[in-house]
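> Sequence and computational prediction follow.
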Amino acid sequence: AQSVTQLGSHVSVSEGALVLLRCNYSSSVPPYLFWYVQYPNQGLQLLLKYTSAATLVKGINGFEAEFKKSETSFHLTKPSAHMSDAAEYFCAVSPMIYNQGGKLIFGQGTELSVKP
Amino acid sequence: GAVVSQHPSWVICKSGTSVKIECRSLDFQATTMFWYRQFPKQSLMLMATSNEGSKATYEQGVEKDKFLINHASLTLSTLTVTSAHPEDSSFYICSATDTSGRKSEQFFGPGTRLTVL
């Protein structure tokens, strides 16, 4: 069984500050891990994904995440927040045994607010 | 590339009527499509997995007779909410996987906002 826990349903940072969104996963098999962003009334956009290559994954819009197996974590970071980063962020896990886009299990989501 | 569309983007219907939502992969072929439901301020919950040419696989607790899913071609899946009630009001999102070689990624549609009066 797989699950994802996002610590903090709401994170608020100042513009220019570090963004850190936390994600811990549980998986009985090697996982694929994803971060998605959702703007109001829109679908999900993939920020980045971990698929067993490099543990430090760089994504779009300056975001990156590091896969730490020992900590079962996949935290999302960005060095300097922009106002346009304000959105809902979802961490998701999929079992690596599926190699064509398997079932995704989503975390609860973290709403990021960016203060001027 | 890898664009998924949904139609309609929003719909309002009366209680007891049926509503059909379309999900299309515009520039790729998708053997598998997924349907999610998202309530306000909540995460996405997978409703069902739809494979082209076969019956959908529903998640536990999802009524297959109420949420009819058809995946008749490699570019189109439909979700029909039958005899809709106010509690079915939600944001429905589909996703599709690309069978041309991209692995481990789903491409999401923009969602459909359903309001049942």
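Received the coordinates, thanks.
> Next, the closest residue to residue B:30 other than its chain neighbours: phi, psi?
Among residues not flanking residue B:30 along the chain, residue B:96 sits closest, at 3.6 Å (C-beta to C-beta, 6 or more residues apart in numbering or on different chains). C-betas here are computed from N, CA, C, even on glycine. Main-chain torsions, residue B:96, degrees, to the nearest 10: phi -140, psi 150.
> how about the strand or helix carrying residue A:94, does it get close to chain B?
Under the criterion of DSSP states H and E, residue A:94 resides in strand A:87-95. Yes - looking at strand A:87-95 against chain B by C-beta under 8 Å from any C-beta of the partner chain, the contacts come from A:90, A:94.
> In its sheet, which strands sit next to the very next helix or strand once past that strand, and in what direction?
The first helix or strand that comes after strand A:87-95 along the chain, using DSSP H and E, is strand A:105-106. Partners of strand A:105-106 in the sheet, by DSSP bridges, are strand A:87-95 (antiparallel).
> Pull the CA coordinates from the helix or strand containing residue A:49 and hand them back as PDB.
Per DSSP H and E, residue A:49 falls inside strand A:44-50. This file holds the C-alpha atoms of strand A:44-50, laid out as PDB (Å, rounded to 0.1, in the frame of the first residue of the first chain):
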ATOM      1  CA  LEU A  44      -2.900  20.000 -12.300                       C
ATOM      2  CA  GLN A  45       0.500  20.900 -13.800                       C
ATOM      3  CA  LEU A  46       3.500  18.700 -13.200                       C
ATOM      4  CA  LEU A  47       6.300  20.600 -11.500                       C
ATOM      5  CA  LEU A  48       8.800  17.700 -11.300                       C
ATOM      6  CA  LYS A  49       9.000  13.900 -10.900                       C
ATOM      7  CA  TYR A  50      11.400  11.400  -9.400                       C
END
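> Next secondary structure element downstream of the least confident helix or strand in chain B by mean pLDDT?
Every helix and strand of chain B was ranked by mean pLDDT, DSSP states H and E. The lowest is strand B:106-108, at a mean of 89. Where DSSP H and E defines the elements, the next helix or strand beyond strand B:106-108 is strand B:112-116.
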